[in-house]
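> Next comes the sequence, and after it the predicted model I'd like to discuss.
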Number of protein chains: 2
Amino acid sequence: MNSHSDDGLRARKRAATRSTIERAALSLALEHGYDKVTVDAICEASMVSQRTFFNYFGSKEGVILGSAPPMPTDADVDAFVHAAGGDVLGDLVLLMAAAVADHEPDRDLLRSRRVLIQRTPDLMNREIARMTELQNGLVAMVLARLRASGRADSTDLVEEARMVVTLAGSVMRYCMEQFFSGSAAGSPREVLERALALVRRITDGGEHG
Amino acid sequence: MNSHSDDGLRARKRAATRSTIERAALSLALEHGYDKVTVDAICEASMVSQRTFFNYFGSKEGVILGSAPPMPTDADVDAFVHAAGGDVLGDLVLLMAAAVADHEPDRDLLRSRRVLIQRTPDLMNREIARMTELQNGLVAMVLARLRASGRADSTDLVEEARMVVTLAGSVMRYCMEQFFSGSAAGSPREVLERALALVRRITDGGEHG
DNA sequence: CACTTTCGTGCAGTTACTGTAATTTTATTG
DNA sequence: CAATAAAATTACAGTAACTGCACGAAAGTG
């Protein structure tokens, strides 16, 4: 019938309501603060039942934080594992950054999310928690790379992998804070590189103590 | 009247109920899992009203996690700031470890907490969040030390301080995981030292790429 | 023994969230 | 196009964490 881009009516309607709820939630939270806004208020503003809200977003936090960063694709993992020998930490950070980066096409929405996360401790904590969950899935990957680099398998190697992931998480958290607080200068890539350089400088500090 | 250690009857009763509730909560959670246990159940088991429970612990998580790690004392801060020149990261980790360490005299309770935190993602996240909050108060302290080391004040210096704290948080998280999962070998101090050495080894990896 | 302060409690209410079953809306098929 | 399947939306009832408030009981004090 009507000319429409691609999917069926169903999918389009779904996307529309999702977007409506999202916008309502972010707008209300920006105006009144996250904890002052009730789910009921969001539902009223977006003309949906509470049950529908939870069908879409699962939780009040969910609508603000947006979808969780996806695990890297198999191709990404493969590339990472077999880029043996180089800078494990740097490569991992790049990989994680790629996973976190895009993923939200709408710039305004993204900015709203960031503002809210930054000014709401609860949300900040949840965001960090999500990152932590992502990390857990990454240990195996790093371990594979260490093995591929010819490192002998051992308990120590597992610990090393865990630490690599933890450190990468640090760098990510640091960069995210910089982004969220708006004090980031230069391209994301540059920020990452600077953060990595900073890490190396700091950890060198105790070497010759 | 009756011979008693020190404080008034009031304080002793308070400590007793607190302990009763704590034990009931931990025992129930260990047996049935944290999320299967309701606050009502804990109250019934410890013969207190729900209102009293919340007066004591503020939240369901609160009774499991125990009291939050306190900020270091002024004396600690002073010592840290003026131990200039050495290994900032290492010293900070030691300081944070001291804050987190003791603080719970009862060994059994401590072990119960650890087990529960480890097996309950929600609790783990909250614990990490608490650590993160602690971190925020530490940036100023690190900054003071960097300044005391003769470093010129600048935006970069603030960023460096933040990164030092973030890294220290990483090391702490890593060690906490090791402790919680029971795979820690040796004294806490040794575990910390090994973790720090590991960090240095890893961050050296990209230097000569 | 009065008197004050602190504690514990009951109760009503708010908010996030879940399960279920009915109802409406969209897609498919004969 | 009508019958029907599939999926979305809804109302409703219920659970569980948590808060504010006001009242009575216990403990400290002179």
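Happy to help now that I have it. Since the model is a prediction, treat every value here as computed from it, not as a measurement.

> Could you measure from the nearest residue to residue A:39 once chain neighbours are set aside over to DNA strand D?
Among residues not flanking residue A:39 along the chain, residue A:60 sits closest, at 5.4 Å (CB to CB, 6 or more residues apart in numbering or on different chains). Every C-beta, even on glycine, is put in place using the N, C-alpha and C of the backbone. Between residue A:60 and DNA strand D the computed distance is 13 Å (CB to the nearest atom of the strand, to the nearest Å).

> ok, residue A:60 - how many residues close by?
Counted with other CB atoms under 10 Å in any protein chain shown, the neighbours of residue A:60 add up to 20.

> correct me, but it touches residue A:36?
No - between residue A:60 and residue A:36 there is no contact under CB atoms under 8 Å: 12.0 Å.

> Chain B contacts on chain A?
Residues of chain A lying close to chain B (CB under 8 Å from any CB of the partner chain) are A:86-90, A:121, A:125-126, A:128-129, A:132-133, A:155, A:159-160, A:162-164, A:166-167, A:169-170, A:173-174, A:177-178, A:183, A:195-196, A:198-207, A:209.

> One more pass at 7 Å, please.
Counting by CB under 7 Å from any CB of the partner chain, chain A comes close to chain B at A:86-90, A:125, A:128-129, A:132, A:159-160, A:162-164, A:166-167, A:169-170, A:173-174, A:195, A:198-200, A:202-203, A:205-207, A:209.

> Out of those, which are close to DNA strand D?
The subset of these within reach of DNA strand D, counting by CB under 7 Å from any atom of the strand, is empty.

> Mind checking which of those residues are buried?
Buried by 16 or more other CB atoms under 10 Å in any protein chain shown: A:87-90, A:125, A:128-129, A:132, A:159-160, A:162-164, A:166-167, A:169-170, A:173-174, A:195, A:198-200, A:202-203, A:205-206, out of these.

> Identify all contacting residues around the helix or strand where residue A:51 lies.
Element membership for residue A:51 (DSSP states H and E) is helix A:50-57. By CB atoms under 7 Å, 6 or more residues apart in numbering or on different chains, the surrounding residues in contact with helix A:50-57 are A:18, A:21, A:39, A:40, A:42, A:43, A:63.

> mind saving the C-alpha coords of it as PDB?
Presented in PDB, the C-alpha positions along helix A:50-57 are these (Å, rounded to 0.1, in the frame of the first residue of the first chain):
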ATOM      1  CA  GLN A  50       3.200   0.500  32.600                       C
ATOM      2  CA  ARG A  51       3.300  -3.100  31.500                       C
ATOM      3  CA  THR A  52       4.200  -2.100  28.000                       C
ATOM      4  CA  PHE A  53       7.000   0.000  29.400                       C
ATOM      5  CA  PHE A  54       8.500  -2.900  31.200                       C
ATOM      6  CA  ASN A  55       8.000  -5.100  28.100                       C
ATOM      7  CA  TYR A  56      10.200  -2.800  26.200                       C
ATOM      8  CA  PHE A  57      12.900  -1.800  28.600                       C
END
